[in-house]
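Peer 1: Sharing a sequence plus its predicted fold:
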Amino acid sequence: MAIEEPSYEVTRTYPMFELRQYAPYLVAETEVGDDFDEAGNRAFRILADYIFGNNRSKTKMEMTAPVNQRPAEDQGEKIRMTAPVSQQAGEGKSGTYVVSFVMPSGYSLETLPTPNDSRVNLREEPAKLMAVRRYSGRWTRKNYEENLGVLRLAIREAGLETTGEPVYARYNPPFTPWFMRRNEVMLEIDPEVRP
């Protein structure tokens, strides 16, 4: 049985990644504060509850793919740069991540069921050009970071520049054997800087 995914066109293939032009699509998302591995699990339960009927119209929706996870962007006030710049390791400190489910394509923002849970936000993901590296394996931070490093290096070598936070995409249910899982790491490409 095929699972719906966002629509995209592969515009160019590189040895370590491909460039995809994504059309706009809708997401249901939630922000959770936790470590990388646990954030996805906590958020999944919140979002699954929404699509399985915890909404005002009690509408059940089909599961789509992927489940996306990215670091939450700081939307705080911008302050003029000063010196020195200090860095301290966040030993044991949890991060904040935004996890999203792609909504089925038959909906618009106006027709999506209204969530009962205030932690669920509905929005449109705009069209964008993404560099995407596909890999298999376990859903671990180590596996993700290794592939993110390969992707960043390959993008630099291709003369492209990125914008925004990396996105971690998972396509399979948890019962899928680890060696058969489809995972992707994605970085948005700045359309103004192309070789």
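Peer 2: Right, received. Where do you want to start?

Peer 1: need the contact list for the most centrally placed residue in the chain.
Peer 2: Note on the chain: the residue nearest the mean C-alpha position is Asn68, at 2.9 Å, using C-alpha atoms, centre = their mean. By C-beta atoms under 8 Å, 6 or more residues apart in numbering, the contact set of Asn68 is Val27, Val99, Ser100, Val102, Val167, Tyr168, Ala169. For glycine as for every other residue, the C-beta is placed from the backbone atoms N, C-alpha and C.

Peer 1: Give the helix, strand or coil label for the nearest residue to Glu188 once chain neighbours are set aside.
Peer 2: Once flanking residues are discounted, Glu188 sits nearest to Gly164: 4.7 Å by C-beta to C-beta, 6 or more residues apart in numbering. The three-state label given to Gly164 by DSSP: H, G, I helix; E, B strand; the rest coil is strand.

Peer 1: my read is the residue nearest to the centre of the chain is in a strand, agree?
Peer 2: Yes - assessed with three-state DSSP, Asn68 lies in a strand.

Peer 1: now it: how far from Val98?
Peer 2: 8 Å (C-beta to C-beta, to the nearest Å).

Peer 1: How about Glu124?
Peer 2: 15 Å.

Peer 1: out of these two, which sits in the busier spot?
Peer 2: Val98 (20 against 12; other C-beta atoms under 10 Å).

Peer 1: in its sheet, what does the strand or helix carrying that one sit against?
Peer 2: Secondary structure assignment for Val98, by DSSP states H and E: strand 95-102. Each strand paired with strand 95-102, and its direction, by DSSP bridges: strand 25-34 (antiparallel), strand 67-71 (antiparallel).
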